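Visitor: Structure, please.
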Amino acid sequence: MEYRFSEKHSRYIRRCATATVNVAEGAVRAGKTVDNVFAFAYLLEDAPDRIHLATGATLGAAKLNIGDCNGLGLEGIFGPRARWGKYRGNECMKIMTRTGEKIVIFSGGKNADSFKRIRGNSYGMWIATEINLHHDTMIKEAFNRQLAAKRRRVFWDLNPSSPGAPIYKNYIDLYGEKQRAGELPAGFFNYCHFTIFDNAALPRRRIEEIAAQYDPGSVWYRRDILGERCAAEGLVYPLFHKLRDRIVAGRNEVDPSTVAFINVGVDFGGNRSKTTFVAAAFCRDGSVAVVADHAIDGVKGEIDSERVNVEMLAFLGELGERFPGTEIRYVFCDSEAQYLINGLRRRLRREGSTARVEDCAKRRIKDRIDFVNSLMAAGRFRVTENCGLVIRGIGEAMWDPDSMADVRLDDFTSDIDILDAMEYAIERYMKKL
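Guide: Residues are numbered from 1 along each chain as shown. Below you'll find the model as predicted:
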């Protein structure tokens with residue numbers, strides 16, 4: 001394996017050999033996860049405990065970021081000595097070390113009941129990626145499961161959050177304060193902050209490419225590039241206001257011949273909110289264009305299913321006229337209203353529509369916002385001028401100033417329902433784009 005560790009990263013990894021709790025925080029692509037995986041693997045060779053824990057926000061994230069890690073994960077480090085398998089119903093990696101077989105249990109941690117998956121075992125070491133996305137009950141349970149460890153070790157990585165995020169108050173900053181006050185043993189807590197520029201394995205040109213995807217004045221540049229903790233405040237989409245003339249296109253500026261397919265996102269109405277449709281055209285050049293939107297009055301639970309079906313058929317019909325021959329591939333719906341989804345699915349089939357009605361992915365709102373902002377920064381996002389609801393929704397969206405997490409303000413001063421529908425239409429293609 002070929003990988004370059006800067007001296008800053010090397011010093012952090014060396015401290016991991018003796019520190020109980022190790023935290024790498026900072027910018028995206030700073031090399032934080034690689035450091036922790038490397039230290040975890042090194043200590044695994046002679047770990048006196050047999051069973052260990054690896055977690056991410058989801059099981060998939062844990063396996064991808066810790067097991068694979070772009071070839072630098074446990075699979076790459078141990079090679080033929082590592083194999084995926086099952087242990088008491090859990091996904092695991094079985095690794096033959098110089099002190100015998102070790103079992104690393106993989107699990108997700110973002111849900112309130114995630115802790116149930118890791119009960120029943122005692123763990124020696126625990127490595128977690130994106131610890132700020134773990135539910136607090138999962139963190140507490142993982143700590144409890146280490147009480148009997150012969151050599152307890154904890155490895156966390158995270159991208160910066162709002163300064164008031166619970167992960168700092170309850171754990172990271174608390175440990176730092178206690179260690180400085182002498183309430184924890186010297187060397188118990190090993191913390192290091194990294195920027196993207198600390199990653200010696202990334203060529204300077206690649207760093208510049210990554211940084212160019214962000215607005216230098218935005219909170220996301222400060223977090224993802226500089227690795228700073230800062231609160232999300234003000235406009236959710238500041239680039240939209242700077243680049244409005246480039247983003248808002250004429251109704252007929254999206255040439256049907258350039259469109260590969262179209263998806264529709266649906267958000268069903270809640271308290272005082274409307275049911276919304278948004279159509280997103282996926283273009284052959286890798287860009288996305290929002291080409292149509294629509295809203296229906298009606299509170300969730302009181303929505304007329306027949307009206308939703310009729311207005312969706314009309315919406316799809318208009319899209320077919322504007323983009324003849326273009327596949328309308330999916331209608332992704334808010335998964336909380338299955339009776340409406342099932343009715344819509346049956347009606348579209350009966351009317352001969354080939355569009356597949358599916359549940360939305362319901363990805364984290366912050367991730368959806370980051371994605372749209374990155375498309376804007378890269379010049380790969382447009383909204384046609386007939387989409388007044390989406391244009392107004394993007395322009396008026398604000399961060400909630402009273403929240404410690406990154407939450408859109410939801411006080412009916414802006415239309416976040418239309419934004420949910422827009423994001424449902426595109427969120428399943430985030431990685432591909």
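Visitor: okay, CA-based contacts and neighbour counts for the rest of this
Guide: Fine.
Visitor: quick one, phi/psi of the residue nearest to the spatial centre of the chain?
Guide: Nearest to the geometric centre of the chain sits Asp367, at 4.6 Å (C-alpha atoms, centre = their mean). Main-chain torsions, Asp367, degrees, to the nearest 10: phi -70, psi -40.
Visitor: For it, which residues are in contact?
Guide: Asp367 makes no contacts at all, as judged by C-alpha atoms under 8 Å, 6 or more residues apart in numbering.
Visitor: before we move on, what about Thr129?
Guide: Thr33, Thr55, Gly56, Ala57, Ala62, Asn65, Ile66, Trp156, Asp157, Leu158.
Visitor: Assess the claim that the last one and Ile131 are in contact.
Guide: Think Leu158. Yes - using C-alpha atoms under 8 Å, Leu158 and Ile131 qualify as a contacting pair, with a distance of 5.8 Å.
Visitor: show me what contacts Asn373?
Guide: Tyr214, Tyr237, Leu239.
Visitor: The first one and Asn159: what is the separation?
Guide: For Tyr214, the distance to Asn159 equals 16 Å [C-alpha to C-alpha, to the nearest Å].
Visitor: For the contacts of Asn373, pick the one with the most neighbours.
Guide: Among the contacts of Asn373, the one with the most neighbours (other C-alpha atoms under 10 Å) is Tyr214, at 23 neighbours.
Visitor: which element is that one on?
Guide: Under the criterion DSSP states H and E, no helix or strand holds Tyr214.
Visitor: Go ahead and confirm it touches Trp220.
Guide: Yes - counting by C-alpha under 8 Å, Tyr214 touches Trp220, with 7.1 Å between them.
Visitor: Can you tell me the SS state at Lys116?
Guide: In three-state terms, and counting by DSSP: H, G, I helix; E, B strand; the rest coil, Lys116 is helix.
Visitor: Around it, count how many other residues there are.
Guide: If we define neighbours as other C-alpha under 10 Å, then Lys116 has 12 of them.
Visitor: can you give me the strands for the stretch 301-433 of the chain?
Guide: 327-333, 356-359, 381-384 (DSSP state E, counting those that start in this stretch).
Visitor: Kindly reformat these as a markdown table containing mean neighbour count, distance to Val254 and mean pLDDT.
Guide: Below are the strands of the stretch 301-433 of the chain laid out as a markdown table (neighbours: other C-alpha atoms under 10 Å; distance: least, C-alpha to C-alpha, whole Å; pLDDT from 0 to 100):
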| stretch | mean neighbour count | distance to Val254 | mean pLDDT |
| --- | --- | --- | --- |
| strand 327-333 | 23 | 15 | 96 |
| strand 356-359 | 18 | 23 | 95 |
| strand 381-384 | 23 | 8 | 96 |
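Visitor: would CSV of the ones you listed with distance to Ile105 be doable?
Guide: Formatted as CSV, the strands of the stretch 301-433 of the chain follow (distance: least, C-alpha to C-alpha, whole Å):
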stretch, distance to Ile105
strand 327-333, 33
strand 356-359, 30
strand 381-384, 40
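Visitor: Shouldn't Cys69 be within a strand?
Guide: No - going by three-state DSSP, the assignment for Cys69 is helix, not a strand.
Visitor: what residues are up against the spatially closest residue to it that is not a sequence neighbour?
Guide: Excluding the flanking residues, the one nearest Cys69 by C-alpha to C-alpha, 6 or more residues apart in numbering is Val34, at 7.3 Å. Shown in contact with Val34 (C-alpha under 8 Å, 6+ apart): Cys69, Leu72, Gly73.
Visitor: if we can go back for a sec, closest to Lys94 out of the contacts of Asn373?
Guide: Nearest to Lys94 among the contacts of Asn373, counting by C-alpha to C-alpha, is Tyr214 at 40.1 Å.
Visitor: any idea how far that closest one lies from Arg380?
Guide: From Tyr214 to Arg380 the distance is 13 Å (C-alpha to C-alpha).
Visitor: same question, Arg229
Guide: The gap separating Arg229 from Arg380 is 28 Å, by C-alpha to C-alpha.
Visitor: Looking at the two, which is more packed in?
Guide: Comparing Arg229 with Arg380 by other C-alpha under 10 Å, the one with more neighbours is Arg229, at 21 against 18.
Visitor: which outside residues touch the helix or strand Asp293 falls within?
Guide: Using DSSP H and E, Asp293 maps to strand 288-296. Contact with strand 288-296 is made by 251, 254, 274-283, 308, 315, 319, 380-384, 386-390, 422, as judged by C-alpha under 8 Å, 6+ apart.
Visitor: just stretch 379-393 next, same as before
Guide: 246-254, 286-294, 372, 375-376, 414-416, 418-419, 422.
Visitor: can you tell me which of the residues you listed are in helices?
Guide: Arg246, Ile247, Val372, Leu375, Met376, Ile416, Ile418, Leu419, Met422 (DSSP state H).
Visitor: and Leu340, what does it touch?
Guide: Ser305.
Visitor: For burial, what's the neighbour tally of the spatially closest residue to Ser122 that is not a sequence neighbour?
Guide: Computed as C-alpha to C-alpha, 6+ apart, the closest residue to Ser122 that is not its neighbour in sequence is Arg145, at 4.9 Å. Using other C-alpha under 10 Å, Arg145 is surrounded by 21 other residues.
Visitor: and if you look at Glu321?
Guide: 10.
Visitor: Could you report the pLDDT at it?
Guide: In this model, Glu321 is scored at 95, pLDDT.
Visitor: Which strands or helices does the lengthiest helix in the chain pack on?
Guide: In the chain, taking DSSP H as the definition, the longest helix is helix 305-322. The helices and strands touching helix 305-322, judged by 3 or more C-alpha pairs under 8 Å, 6 or more residues apart in numbering; DSSP states H and E, are strand 288-296, helix 338-350.
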